[in-house]
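Undergrad: Sequence plus the predicted model coming up.
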Amino acid sequence: MFGLLGPVLAQQRYVQAVPFAVAGQFVFTVLAMASLVNAFVQMDFSVRYVAENANSALPLFFRVAAVWGAHEGSLLLWILVLSLWTVAVTLRSRALPKRFIARVLGIMGLLSFGFLLFTLATSNPFLRLDPAAPDGRDLNPVLQDFALAIHPPMLYTGYVGLSVAFAFACAAMIEGQLDQAWARWTRPWTTLAWAFLTAGIALGSWWAYYELGWGGFWFWDPVENASFMPWLVATALIHSLAVTDKRGLFKSWTLLLAITGFSLSLLGTFLVRSGVLVSVHSFAADPARGIFILAFLVIVIGGALTLYAWRAPLLRSSAGFELTSRESFLLFNNILLVIAAAVIFGGTMAPMISDALGQGALSVGPQYFNPTFLLPTLPLLALVSVGMHANWKRGNLSRTQRPVLATLVLAVALALAVWMGAYGTGSLMLPVGLGLGMWIILSSLVDPIDRLRRGLSLSAGVLGMSVAHIGLGMLTLGIAVVQTASIERDSALSVGQSAQLGAYSFRFDGVEPAEGANFNATQAKITVQRDGTDVAVLQPQKRNYWVQRNAMTEASIKTLWNHDLFVAMGEDVGKGSWSLRMQVRPLIQFVWFGAIIMMLGGIIAGLDRRYRQLKPVVEQEPDAVGDAAEARTA
Amino acid sequence: MTPRRRRLVLVLGIIAGVAVAGGLALQAFRSNVTFFFDPTQVAAGEVKQGQRFRLGGMVKEGSLVRQAGELEVRFAVTDFKREVPVVYRNVLPDLFREGAGVVAHGRLQADGSFLADEVLAKHDEKYMPPEVARSLKKGETRSGM
């Protein structure tokens, strides 16, 4: 059945046939996915992949999610998502020049051809077991969670969505022509892919927090970094596309970002799937897979960069801009984002390079990542508010000074009030982060409110940008507070004994047995009090899954609007005492809410009606101010 | 300023910024990288005084000691040639057990024991930290010779 896919995918220059090829590929990929899902639902243990990742005791919901719970199925998911994007591009781009869109689809076809070849050659999920296994080995308990159903599809939709920008960039380079219309076609795709990537990363972070019991939201784990680098570059890309769209500048830089963004998401796949990295995400190490992906990587990235070196000089832009114009601010944004990505890249790759060179096994942790990531990020956050209100081309800041300064003063006052009132810890990063976050939120509100008050229309682009920046502000607030004002303690407590964490006291009330669908557990009861009144009863579990026999900690978290109370169980340390990991995490929900709001902003901006007028655009200027404001989709 | 000069200033500014960022990153990198050592290397005194590093090997069978009701645990990490005593005062990970692979982050104390602030155990029964696997393999070939 899989063999049918190959010929359908062969890249076709026959422009007329391209939509049919896309449709065919889509139908067959869906068929393949459907039959794999079916195998899981029916518990067909003659399929090796099913036998390795499911069990008759596994609930139906997890059996479906288990389809992408390991390497082979997640690749199939990747291909399906790519195929979905390809179909979407085909459907939405009928008004674009036929030849151009055929090239875009051809490149996406080549990518999916490569991935299909990879799947068939090294990771076919349909390999048979003969004789069939009596029962399956079960899904890794860590993955038996609701988030497995949505985190990988979201993340992949984002990862793979960057291939659209990549394909558009390659097609433009092949054509040797890149105009503002091109940027306008590319923008919605990039913005949507970015929104999905944001959601995917946030979900992964949330999952690690509540399921793995790591007790934080970000660990600079190489796999996290692998998804974060494309996100940073994609963020830079949507901003530089705004400049290309509005002013016809930054053309070759935009191309380079489009190539880099997708290359990094391929690199991420390589790192995660090849077994070079060992973490919760790497399923099984297989050198053949690593070499295949590496070769694919070299071909795709090398090819694109060669094309870039050859064609980019054709795409000169001549318009100038002043140092304090919006173009410069977006340029700074791009540079800082790229520096941040580069710093993370260095830290992520260093252990592998050192290892390959025989320099010894070193590891790079938060002690490196935290300061080096802050370095470009702080000025980046500080420039958001100023840049958002700057004019295109002109360097005159005085006209926009008032709202910028007013919001700055208000933000500083609020930050100091919150800092003194609620936290009052010594770290300087707390008020700085609070101030920056509030400044971004407040100044993002200025423009929409102003336009509404004057009765002007609010385009989806402007609205989306404002919403996304408000999300960024919330994220900044959340990170600043949770990183500086969290309290954590590991203690051994006997029954009735309490531990004091800030204003909260955690009282251990003993353990009792519990049972789930496919596991036994020991469940503890911890009563949290504040000033003598009960705030929460937490019931974390230590689970023992029947099939894999691994102990698994299930943390218990009580979410209040401004705090999370977290308890995870350690072990029975004798004399009726248990070791417990207890944490108070202020404002941690802001991290994920911020990310969700950013995603919403991306979706709103990506669906702006402006992008659907797909006729080749001649830049029309209804009025200069309106246009500048309109363009604040940045 | 002419557009040309303005662009020059911009480009120079960017280059300076990138250089500063790169320098600082390198500095942070040099002072914050942690290296991996196995018990044999620790016994040979390859670790600098007070240096934070990662200690890897297997948890020695029968070495886990805990005063009933206390959080603090002591165990020995071995590469089957030498061993290092470890002290840890936090919650051990789920998959920590005697005879299994482990990586501990921390520093050597004056009495020669290793005070860990973080202990990582393997993720599942198929996995052993690659450095531990390699270090054990090296030990085998060495002892085989």
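TA: Received, thanks.

Undergrad: Next, the buried residues of the longest helix seen in chain B.
TA: Longest helix of chain B, by residue count under DSSP state H: helix B:3-32. Neighbour counts over helix B:3-32 (16 or more other CB atoms under 10 Å in any protein chain shown) mark B:R6, B:G17, B:A21, B:A25, B:A28, B:F29, B:N32 as buried. Where you see a C-beta, it was placed from the backbone N, CA and C, and this is true even at glycine.

Undergrad: and the chain, what are its domains?
TA: Let's take chain A. Chain A breaks down by automatic domain parsing into domains covering A:1-139, A:487-588.

Undergrad: not what I meant, chain B
TA: Segmentation of chain B into domains, based on automatic domain parsing, reads B:1-33, B:35-144.

Undergrad: closest to chain B out of the domains of chain A?
TA: domain A:487-588 (3.2 Å; CB to the nearest CB).

Undergrad: how far is that closest one from where the chain is centred?
TA: 30 Å (CA atoms, centre = their mean, to the nearest Å).

Undergrad: Span of that domain from start to end?
TA: End-to-end distance of domain A:487-588 (CA to CA, to the nearest Å): 12 Å.

Undergrad: Without its sequence neighbours, what residue ends up closest to the residue at minimal distance from the centre of chain B?
TA: Nearest to the mean C-alpha position of chain B, counting by CA atoms, centre = their mean, stands B:R54 at 1.9 Å. Nearest-residue entry for B:R54: B:F36, 4.7 Å, with adjacent residues in sequence omitted and distances by CB to CB, 6 or more residues apart in numbering or on different chains.

Undergrad: hang on, the earlier thing: list the strands paired with the helix or strand that the longest helix of chain B is followed by, with their directions.
TA: Going down the chain from helix B:3-32, the next helix or strand is strand B:33-37, by DSSP states H and E. Strand B:33-37 has the following strand partners under DSSP bridges: strand A:362-364 (antiparallel), strand B:53-59 (parallel).

Undergrad: Confidence-wise, which of those strands is weakest overall?
TA: Comparing mean pLDDT across these, the weakest is strand A:362-364, with a mean of 78.

Undergrad: can you pull the buried residues of that strand?
TA: Residues A:L362, A:S363, A:V364 are the ones in strand A:362-364 that count as buried (16+ other CB under 10 Å).

Undergrad: Likewise for stretch A:422-438?
TA: Under the neighbour-count criterion of 16+ other CB under 10 Å, stretch A:422-438 has A:Y423, A:M429, A:L430, A:P431, A:V432, A:G433, A:L434, A:G435, A:L436, A:G437, A:M438 buried.

Undergrad: How about B:L10, nearest residue that isn't a chain neighbour?
TA: In space, and not counting its chain neighbours, B:L10 is closest to A:L323: 6.7 Å by CB to CB, 6+ apart.

Undergrad: per-residue confidence for that neighbour?
TA: 70.

Undergrad: Check the secondary structure at residue 77 for me.
TA: If you meant another chain, say so; for now it's chain A. Secondary structure state of A:L77, per DSSP: H, G, I helix; E, B strand; the rest coil, is helix.

Undergrad: that's the wrong chain, I meant chain B
TA: Secondary structure assignment for B:V77 (three-state DSSP): strand.
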